[in-house]
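Novice: heads up, no residue letters with this:
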């Protein structure tokens, strides 16, 4: 994940893919009731929107349009997740005061894009992530104009991808090309709690009695993309 410097608005999209939510073997095996959520980026984040995409319909599940890293909190929300749903988390960054490219990472000066859903009943699904792929860079490059491709080629002597993006002259079309690459060219990644299945939690909860389970669905766009 890279966020270019000097931009008034740049969007990273993290996805919880139907590949994960439609697979009962992974652990998304029944309809879920969402009751709270915690949205999170670091210092450059200014807005976040979490959406459910269900067939041809789209719903906003949670949204913070005035995000402040110093005033973060979980909020009560109401929603339903169904097997096969797609979730998209849009994180908006403002880097006008930055001269260096921001990278994904754990440090506060790095960036991330996260949503922690609170829901019931408990299911085995532990994580639902998206990672840029080896072809994300090519998707970005192919989305550029010939002039911008030539400019990017001229910067290939810079070994560090962060330096390339910092030296690149961004226009509206170039920004959209990188945003689109992150949104459309990704690897879904999901997994369940080891040695569990849907019946495991039903047995533990006396025949399926609802028990609150916290923060086991995570959306994130976090791993670095190497422009090489």
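Specialist: Here it is on my side, so go on. Quick caveat, the model's predicted, so the values are computed rather than measured. Numbers count the residues shown, from 1 in each chain.

Novice: for residue 118, name its beta-bridge partners.
Specialist: Taking DSSP bridges, one obtains residue 36 as the residues bridged to residue 118.

Novice: pLDDT score assigned to it?
Specialist: With respect to pLDDT, residue 118 scores 91.

Novice: okay, and for this protein, where does confidence drop off?
Specialist: 24-27, 195-228 (pLDDT under 70).

Novice: can you pull out the strands in it?
Specialist: 2-3, 10-16, 32-40, 45-54, 57-64, 75-81, 86-93, 102-103, 114-120, 125-132, 186-192, 213-220 (DSSP state E).

Novice: the first one - contacts with which helices or strands?
Specialist: Strand 2-3 makes packing contacts with strand 102-103, helix 161-167 when contacts are defined by 3 or more CB pairs under 8 Å, 6 or more residues apart in numbering; DSSP states H and E. Just so you know, the C-beta spots here come from the backbone N, C-alpha and C atoms, and that holds for glycine as well.

Novice: which strands border that strand, and is each parallel or antiparallel?
Specialist: By DSSP bridges, strand 2-3 pairs with strand 102-103 (antiparallel).

Novice: cool, and the second one?
Specialist: If you go by DSSP bridges, strand 10-16 pairs up with strand 86-93 (antiparallel).

Novice: figure out how far the strand it pairs with is from the centre of its chain.
Specialist: 5 Å (CA atoms, centre = their mean, to the nearest Å).

Novice: so what touches that strand?
Specialist: 3, 7, 9-18, 21, 39, 41, 44-54, 61, 81, 102, 111, 113-115, 128, 183, 219-221 (CB atoms under 8 Å, 6 or more residues apart in numbering).

Novice: 6 Å instead?
Specialist: Strand 86-93 has contacts (CB atoms under 6 Å, 6 or more residues apart in numbering) with 3, 10-16, 18, 41, 44-53, 113, 115, 219.

Novice: show me how to select, in PyMOL, the buried members of those residues.
Specialist: Listed next is the PyMOL selection for buried residues among the contacts of strand 86-93, using 16 or more other CB atoms under 10 Å:
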select buried, resi 3+10+11+12+13+14+15+16+18+41+44+45+46+47+48+49+50+51+52+113+115+219
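
Novice: would you mind finding the longest helix in the chain?
Specialist: Counting by DSSP state H, the longest helix found in the chain is helix 172-184.

Novice: against which helices or strands is it packed?
Specialist: strand 10-16, helix 136-142 (3 or more CB pairs under 6 Å, 6 or more residues apart in numbering; DSSP states H and E).

Novice: distance to residue 151 for the strands of the chain - can I get that in a markdown table?
Specialist: Listed next are the strands of the chain as a markdown table, based on distance: least, CB to CB, whole Å:
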| stretch | distance to residue 151 |
| --- | --- |
| strand 2-3 | 17 |
| strand 10-16 | 18 |
| strand 32-40 | 34 |
| strand 45-54 | 28 |
| strand 57-64 | 35 |
| strand 75-81 | 42 |
| strand 86-93 | 22 |
| strand 102-103 | 21 |
| strand 114-120 | 33 |
| strand 125-132 | 22 |
| strand 186-192 | 26 |
| strand 213-220 | 31 |
